[in-house]
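# sequence? don't have it. structure:
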């Protein structure tokens, strides 16, 4: 049975899903000491005067545990890709070779790993704050819909209470997804 506030709940769910997806996308670029395409795919290359992500100017592959290789679609862009990776200040070394760019991922010290985990936790907290703001906005919208008698959606006091409970459950569900991703990525970073 669809509730009278279901459209509000669906909108909140969609926005929270986007927050979780954005967090997942953002943590792909965090170094773990292992080669990962996500480390460089969004670095911008000056491609004929236009800043373009590396993933759009060539294929990125993992050669070894600590080595990536970028095979540009246009081999003449290899020096620009090398320069972009080096100047991105992400702690990777790049070297043009064989019509492409070899990218080496150095070992992380324990101190660097701990800093990465702290950064990861801060990113997680930012995502949680964003979702709590979504909850706040949703509750405000539901309360406004209850007071506005000319609205298309007629909500009762019980509907508002149920909506608040449902949005809290939705928030808890999404926060637990974030916690799981945080835990998995932290373990990956702290591994030697």
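Okay, I see it. Predicted, not measured: the structure shown is a model, and the values here were computed from it.

# Would you map out the domains in the chain?
As recorded under automatic domain parsing, the domains making up the chain are 6-28+109-190, 37-104.

# Against which helices or strands is the host helix or strand of residue 159 packed?
Using DSSP states H and E, residue 159 maps to helix 157-190. When contacts are defined as 3 or more CB pairs under 8 Å, 6 or more residues apart in numbering; DSSP states H and E, helix 157-190 packs onto helix 6-28, helix 110-147. Any C-beta I mention is one placed from the backbone N, CA and C, and that applies to glycine too.

# which SS state does the nearest residue to residue 70 once chain neighbours are set aside fall under?
The shortest distance from residue 70 to any residue other than its chain neighbours is 4.4 Å, reached at residue 101 (CB to CB, 6 or more residues apart in numbering). Reducing the assignment at residue 101 to three states with DSSP: H, G, I helix; E, B strand; the rest coil gives strand.

# burial measure for residue 101, as a count.
Other residues near residue 101 come to 28 when the count uses other CB atoms under 10 Å.

# thinking again about what came up before, columns mean pLDDT on top of the domains of the chain, output as CSV?
Formatted as CSV, the entries for those read as follows, by pLDDT from 0 to 100:
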stretch, mean pLDDT
domain 6-28+109-190, 89
domain 37-104, 89
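
# No further questions, thank you.
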